[in-house]
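Asks: Build the 3D model from these lines:
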Amino acid sequence: MIKRISAITAALALATVGFIVPANAATTEADCGKAGEFCVGLVTDLGKIDDKSFNQAAWEGAVAGAKKAGGFAKYIETTDSKDYAKNIKLFADKGYNAIVTVGFLMGDASAAAAKLYPKIKFIGVDQFNASTETNYTGLIFDEDKAGFLAGYLAGYLTKTNKVGAVFGMKEVLPVRKFGEGYEGGIAYAAKQRSKKIKSTVVYHAAGDNAFSDPAWGATTANQLLTQGYDVIFGAGGSTGNGAIGKVAQKAGALCIGVDIDQYYTVPEAKSCLVTSAEKKLVLGVATLVGQAKAGTIKGGNYTGQVGLAPHHDLESKVPAAVKVRLKKTTTAVLAGSIATGFKG
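Replies: Got it, this is the predicted structure:
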């Protein structure tokens, strides 16, 4: 796992829009559309492919799925939301078999493209598919459950009884689900501990840079730190990465990553990273790409797995009694027997 992520990250450091990662050396883009070939295109949401969280995890899943299928994968980075349809069309016109569109904001464009190109399988990451298009599958997650567990752990680890978060824009539903779940988990821990814990979630203003603003993330995290917040959750591409990177500079403060186990992708945050609120994005995308190849993929929605990453270097910071409580609570939350606080 570590070697794979490191290799891909190294390659992406040299990448430009349209960088190609062949899953099979015998297959090239020129083969797309030919009988027996399998090509996977991925269109990112706003932000870069090497964001060390959301876009990167989706891309790794696309590569893994294409490689297992003996196919080929390529990505296009979106820098302006007006380009969603145009970027999808670049793959469709070349005969790609499956197109992965990343992000809640691409939902309408994905549904429209699925209708326009009925022979192509569309996989929409973080998109609830409410359309009737049978060639469009939304990969969705219970982010509120992962957020709740992160908040629950934070509520037990805080020493100042102030727990914060720095997120991308609230208008993106999965981000709001993380936030509301996080606050629900903090409140649940506070009740069990009979403590009054202050929680503050700060969202970035809406805009094309909401998930690619590490400077704002760092500045906002620093403001929370100076106010005595000692556990901070960063979520929102490089914006969130900027936040947890800043927390790592504060002795004694703890941070929580998002989407994937960021212990492996944001090394500058290792010293404070007590866990990551994971959406199993790599697994979810790879699974659906494999189903697209096998012809078993179904339209509608597919719910991926969520959970917390290991504590890694900060294992000793989590008391044994807290680990027991966290394990029990995790089982209940994932089963749906504890309400997360997400308002819908």
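Asks: going forward, measure contacts and count neighbours with C-alpha atoms only.
Replies: Noted.
Asks: per-domain residue ranges of this structure.
Replies: For the chain, automatic domain parsing gives the domain ranges 2-140+281-303, 143-278+311-335.
Asks: Measure how far the shortest one is from the centre of its chain, please.
Replies: Taking CA atoms, centre = their mean, to the nearest Å, the mean C-alpha location of domain 143-278+311-335 is offset from the chain mean by 14 Å.
Asks: where among the domains of the chain is the average confidence lowest?
Replies: For the domains of the chain, mean pLDDT drops lowest on domain 2-140+281-303, to a mean of 86.
Asks: Which parts of the chain are strands?
Replies: Remark: strands assigned in the chain by DSSP state E are 20-22, 39-46, 72-78, 98-102, 121-125, 136-140, 162-169, 198-204, 231-235, 254-259, 273-279, 300-303, 306-308.
Asks: In JSON lines: those, plus mean neighbour count and distance to residue 340.
Replies: Shown next, in JSON lines, are the strands of the chain (neighbours: other CA atoms under 10 Å; distance: least, CA to CA, whole Å):
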{"stretch": "strand 20-22", "mean neighbour count": "18", "distance to residue 340": "39"}
{"stretch": "strand 39-46", "mean neighbour count": "27", "distance to residue 340": "27"}
{"stretch": "strand 72-78", "mean neighbour count": "24", "distance to residue 340": "33"}
{"stretch": "strand 98-102", "mean neighbour count": "28", "distance to residue 340": "25"}
{"stretch": "strand 121-125", "mean neighbour count": "29", "distance to residue 340": "22"}
{"stretch": "strand 136-140", "mean neighbour count": "27", "distance to residue 340": "17"}
{"stretch": "strand 162-169", "mean neighbour count": "26", "distance to residue 340": "17"}
{"stretch": "strand 198-204", "mean neighbour count": "19", "distance to residue 340": "15"}
{"stretch": "strand 231-235", "mean neighbour count": "31", "distance to residue 340": "17"}
{"stretch": "strand 254-259", "mean neighbour count": "29", "distance to residue 340": "17"}
{"stretch": "strand 273-279", "mean neighbour count": "28", "distance to residue 340": "14"}
{"stretch": "strand 300-303", "mean neighbour count": "18", "distance to residue 340": "17"}
{"stretch": "strand 306-308", "mean neighbour count": "23", "distance to residue 340": "14"}
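Asks: Switch these over to a markdown table; also include distance to residue 62.
Replies: Formatted as a markdown table, the strands of the chain follow (distance: least, CA to CA, whole Å):
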| stretch | distance to residue 62 |
| --- | --- |
| strand 20-22 | 10 |
| strand 39-46 | 7 |
| strand 72-78 | 7 |
| strand 98-102 | 8 |
| strand 121-125 | 10 |
| strand 136-140 | 13 |
| strand 162-169 | 24 |
| strand 198-204 | 28 |
| strand 231-235 | 22 |
| strand 254-259 | 16 |
| strand 273-279 | 15 |
| strand 300-303 | 16 |
| strand 306-308 | 18 |
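Asks: Which of the ones you listed sits closest to residue 322?
Replies: Nearest of the strands of the chain to residue 322, taken as CA to CA: strand 273-279 at 13.0 Å.
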